[in-house]
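Asker: Sequence and computational prediction follow.
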Amino acid sequence: MCDPGRMIQLVCRFRADDDGFDERARAALALLAAQPTCLRLLFARSTEDPAVRVLTAEFASFPAYRSALSPFEVRTVVIPFLSEAEPATSSVLEVALHGVDGRLVELDTVVDPAAVSRVV
C-alpha cells in the first residue's frame, strides 16, 4: 500500500541504438514490474525520435524502491539494464505533488533541500 505522504519516482531516459535493446527492456521491466513494491511502471517511446525511450516507475517510499531492486535476479538483469540509461536525464525523484481522485495532493518530503549539494 502506498504511504499517502511519500512517493518515489524512477525516471530513466534511454537511447535504443541496437537491435537487442527492446528485448533487454522487456526482460528487465517484466522483472521490475513484478516486484510487490513497484506500484506502477510505464515505458514510453518518443513520438519525435523513434530511438528514445523513457521509463517511469513509482514506489511508495525509498525503502520500497530499494526493496524492488534487491532480489538477485533483479540485480543481475534490471540493474545492468538501468545502467544503460542516459545519466544526465535519469534520476530517482521524491514526488512533491500527486494528482489522485480528481484532486492535487501535496506530499510530505523526506529530502531536506538545504542538505542536498549540487554538483556542477
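Answerer: On my side now, so go ahead. Residues are numbered from 1 along each chain as shown.

Asker: residues touching residue 35, list them.
Answerer: Residue 35 makes contact with 67-68, 71, 74 under the criterion CB atoms under 8 Å, 6 or more residues apart in numbering. In this view, the C-beta of every residue, glycine as well, is placed from N, C-alpha and C.

Asker: Could I get the pLDDT score of it?
Answerer: On the pLDDT scale, residue 35 is placed at 97.

Asker: repeat for residue 101
Answerer: In this prediction residue 101 is given a pLDDT of 86.

Asker: re the thing from before, narrow the contacts of residue 35 to those that are buried.
Answerer: Neighbour counting by 16 or more other CB atoms under 10 Å classes 67-68, 74 among these as buried.

Asker: Next, the buried residues of stretch 52-65.
Answerer: Applying 16+ other CB under 10 Å to stretch 52-65 flags 52-55, 57-61, 64-65 as buried.

Asker: and what of stretch 42-52?
Answerer: For stretch 42-52, burial by neighbour count (16+ other CB under 10 Å) applies to 43, 52.
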